[in-house]
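Student: attaching a predicted model along with its sequence, questions to come.
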Amino acid sequence: MPIRECPFTFCGNDIYRPILPVRIINPHTSGNYRTHGIIDTGADECAIPAAYAPILGHNLQAGQTKKIRTGNGLTVAYAHTTKFEIFHPETTELLYTMKDTPVDFLPNLNVALLGANNFLSRFILTIDYPNKRFSIKYP
């Protein structure tokens, strides 16, 4: 899994972020969607935009519901069993598979977030903000 000294991705308006290519998979239907996820050390969990649910074959509102606090305030999350594949941002090599895990689908979210409890807690993450680079490795 090692990613060494990977440059942040330019997101416009002089904003750079640590981003990884991901494939999000519904293990029940094999529906999948390739996108990018922001490494978010401030997110407790991984989160996916609610708009991805029908693409993956999930019935959004059939998921386990819970109220969570986000940067936008209180919202309802719908958890669905999901599989993540994480790819190297430069080589596109498959690096890591997060097996069937309940992941929150959130209305008003526009990008997948790779959070602490069900993703980042498995790795050693080094973020070099001055040089806009990040590294991830197994402990």
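Tutor: Yes, it's here. Numbering: from 1, shown residues only.
Student: so where's the chain shaky on pLDDT?
Tutor: 1 (pLDDT under 70).
Student: for the protein, which segments count as helices?
Tutor: Here the chain has its helices, by DSSP state H, at 52-56.
Student: longest strand of it?
Tutor: strand 73-87 (DSSP state E).
Student: so what strands line up beside that strand?
Tutor: Looking at strand 73-87 with DSSP bridges, its partner strands are strand 19-25 (antiparallel), strand 64-70 (antiparallel), strand 94-106 (antiparallel).
Student: next, format those as TSV and append distance to Ile39 and mean neighbour count.
Tutor: For every residue, glycine as well, the C-beta is placed using N, CA and C. Shown next, in TSV, are the strands paired with strand 73-87 (distance: least, C-beta to C-beta, whole Å; neighbours: other C-beta atoms under 10 Å):
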stretch	distance to Ile39	mean neighbour count
strand 19-25	7	21
strand 64-70	17	11
strand 94-106	13	17
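Student: count the residues that sit near the residue lying closest to Cys11 once chain neighbours are set aside.
Tutor: Of all residues not flanking Cys11 in the chain, Arg17 sits nearest, at 5.4 Å (C-beta to C-beta, 6 or more residues apart in numbering). Using other C-beta atoms under 10 Å as the criterion, Arg17 is surrounded by 15 other residues.
Student: correct me, but Arg17 touches Phe8?
Tutor: Yes - the criterion here is C-beta atoms under 8 Å, and Arg17 meets it with Phe8 at 5.7 Å.
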